[in-house]
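Colleague: Any chance you can model this:
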Amino acid sequence: MSKETRGIAILGSTGSIGTQALEVIREQSDVLHVEVLTAGRNADLLMKQALEFRPNAVVIAEESLHEKVFEALFDEGIKVYSGANALEQVVEMEGIQMVLTALVGAAGLKPTLNAIRAGKHIALANKETMVVAGELVTEEAEKYGVIIHPVDSEHSAIYQCLAGEFHNPIEKIVLTASGGPFRGCSTEQLAKVTKAQALKHPNWDMGSKITIDSASMMNKGLEVIEAKWLFDLRPNQIEIIVHPQSIIHSVVQFTDGSMKAQMGLPDMKLPIQYALTYPHRLKNDFTRFDFLDYPNLTFEKPDYSAFRNLQLAYDSLEKGGNCPAILNASNEVAVARFLNDEIRFEQLPDVVEHALKNVGYDKSTNLDALLASDKEARRFALEFK
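Modeller: Sure, this is the predicted structure:
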């Protein structure tokens, strides 16, 4: 990379992806620097991060915490903003070259669109943005000449496998799934799952929402929809395979039958670094993979009957229109209700199915229509008993 550093805005800097991104920036400080940090409610960690990384500005989404953050950072010359509008507008700042969208859920959509329209390249860790409005986001990115660099390990793997191959037709892609903590469980066994069990992922250290999504396999369903838009694929070109070791992160099969796989230890810092420093691969001190530590890599078919969210995601993608937005919104509510002990684990797909059946189908993919569907889906998901 050139001697001039790349200015990064991290939306969601206090979450799992955000904190790991700052670890990457700390190690690669000669080529990356922080321009903006944002957080929802975790003011204490946001202030600590700001004092270390010295951004131009921070945003605390919870407006009641503005004064606390302002008083801590004002004398340091760091601008402090608050509220949803500030979150959407701050991505337009001149010193930003790339925006890492690491917000949880559909909240990442509007800031991502604003960043694209401001000509900022995107490091996308917020798959819900593509699930809710993939067609709109990809159209806007093309219009404004913006590159979307995927951060999810599976989509980053596909992206890396396509380097130097963008002119070659894809026959299919294979998204690998760990299977989560309940791999091999029957429907009857899933009925006994506890919150503590669901929050304990065997391979990855993630936030609570994505961990529950992984346990229910909805995370893989959302990734299927995201992959369709990122790589311009048909649903029948996207295959899921369960790979418990999480070493092969995904595979591309080209039209001649040749396959490329991206491999490595399950560490999100690698795809984060690849996105932030693309097209360069920079030296780091991440733990290296050793084949002798993993003499057996295994693969299984996913169980669509026990993990119904997978089929719901494929069905939503096939139908199109507002269905993926309904799927995503109702799932966000379902996960929140499960974490709040309002529903059982096996009811997660029931909530989603209820919303998909009751929200009216709309083939329009304009933003207002999608946000209206999102709102209505949340209402039905909250009403589910």
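
Colleague: low-confidence ranges in this structure?
Modeller: 1-3, 205 (pLDDT under 70).

Colleague: which residues in it form strands?
Modeller: 6-11, 32-39, 57-60, 79-82, 98-101, 121-124, 148-150, 170-177, 238-242, 248-254, 259-263 (DSSP state E).

Colleague: Using TSV, please lay out those strands together with distance to Lys200 and mean neighbour count.
Modeller: All C-beta atoms are positioned from the backbone trio N, CA, C, and that covers glycine. Listed next are these as TSV, based on distance: least, C-beta to C-beta, whole Å; neighbours: other C-beta atoms under 10 Å:
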stretch	distance to Lys200	mean neighbour count
strand 6-11	27	26
strand 32-39	25	25
strand 57-60	30	26
strand 79-82	34	20
strand 98-101	27	27
strand 121-124	27	25
strand 148-150	26	24
strand 170-177	17	21
strand 238-242	18	19
strand 248-254	21	21
strand 259-263	25	17
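
Colleague: Make JSON lines from the ones you listed and add distance to Lys228 to it.
Modeller: Formatted as JSON lines, the strands of the chain follow (distance: least, C-beta to C-beta, whole Å):
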{"stretch": "strand 6-11", "distance to Lys228": "23"}
{"stretch": "strand 32-39", "distance to Lys228": "28"}
{"stretch": "strand 57-60", "distance to Lys228": "31"}
{"stretch": "strand 79-82", "distance to Lys228": "35"}
{"stretch": "strand 98-101", "distance to Lys228": "19"}
{"stretch": "strand 121-124", "distance to Lys228": "14"}
{"stretch": "strand 148-150", "distance to Lys228": "13"}
{"stretch": "strand 170-177", "distance to Lys228": "10"}
{"stretch": "strand 238-242", "distance to Lys228": "7"}
{"stretch": "strand 248-254", "distance to Lys228": "14"}
{"stretch": "strand 259-263", "distance to Lys228": "19"}
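
Colleague: So which of these is nearest Leu162?
Modeller: When the strands of the chain are compared by C-beta to C-beta, strand 248-254 sits nearest Leu162, at 6.3 Å.

Colleague: helices or strands next to the closest one in the packing?
Modeller: helix 153-161, strand 170-177, strand 259-263 (3 or more C-beta pairs under 8 Å, 6 or more residues apart in numbering; DSSP states H and E).

Colleague: which non-adjacent residue is nearest Gly7?
Modeller: Once flanking residues are discounted, Gly7 sits nearest to Glu35: 4.0 Å by C-beta to C-beta, 6 or more residues apart in numbering.

Colleague: Glu140: which of the helices and strands packed on strand 248-254 is closest?
Modeller: Per C-beta to C-beta, nearest to Glu140 of those: helix 153-161, 18.4 Å.

Colleague: From the chain's centre, how far out is the closest one? Work that out for me.
Modeller: Distance, stretch centre to chain centre, for helix 153-161: 13 Å (C-alpha atoms, centre = their mean, to the nearest Å).

Colleague: can you check stretch 55-69 too?
Modeller: Stretch 55-69 sits 23 Å away from the centroid of its parent chain (C-alpha atoms, centre = their mean).

Colleague: do the same with stretch 68-86
Modeller: 26 Å.

Colleague: And for stretch 13-29?
Modeller: The answer for stretch 13-29 is 15 Å, by C-alpha atoms, centre = their mean.

Colleague: Use 727 as the first number for this chain going forward.
Modeller: Right, with 727 as the first residue, what we last looked at is stretch 739-755.

Colleague: what comes into contact with it?
Modeller: 731, 734, 736-738, 758-760, 763-766, 768, 771-772, 775, 779, 826, 828-830, 851, 877, 931-933, 936, 994-995, 998-999, 1002-1003, 1008, 1010-1011 (C-beta atoms under 8 Å, 6 or more residues apart in numbering).

Colleague: circling back: to Leu1023, which of the helices and strands packed on strand 974-980 lies closest?
Modeller: That would be strand 985-989 among the helices and strands packed on strand 974-980, by C-beta to C-beta, at 9.0 Å.

Colleague: could I get the helices and strands packed on strand 974-980 as CSV with distance to Leu1074?
Modeller: Listed next are the helices and strands packed on strand 974-980 as CSV, based on distance: least, C-beta to C-beta, whole Å:
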stretch, distance to Leu1074
helix 879-887, 21
strand 896-903, 16
strand 985-989, 30
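
Colleague: Make sure Asn945 is actually in contact with Asp939.
Modeller: Yes. Contact criterion C-beta atoms under 8 Å: Asn945 and Asp939 qualify, at 3.7 Å.
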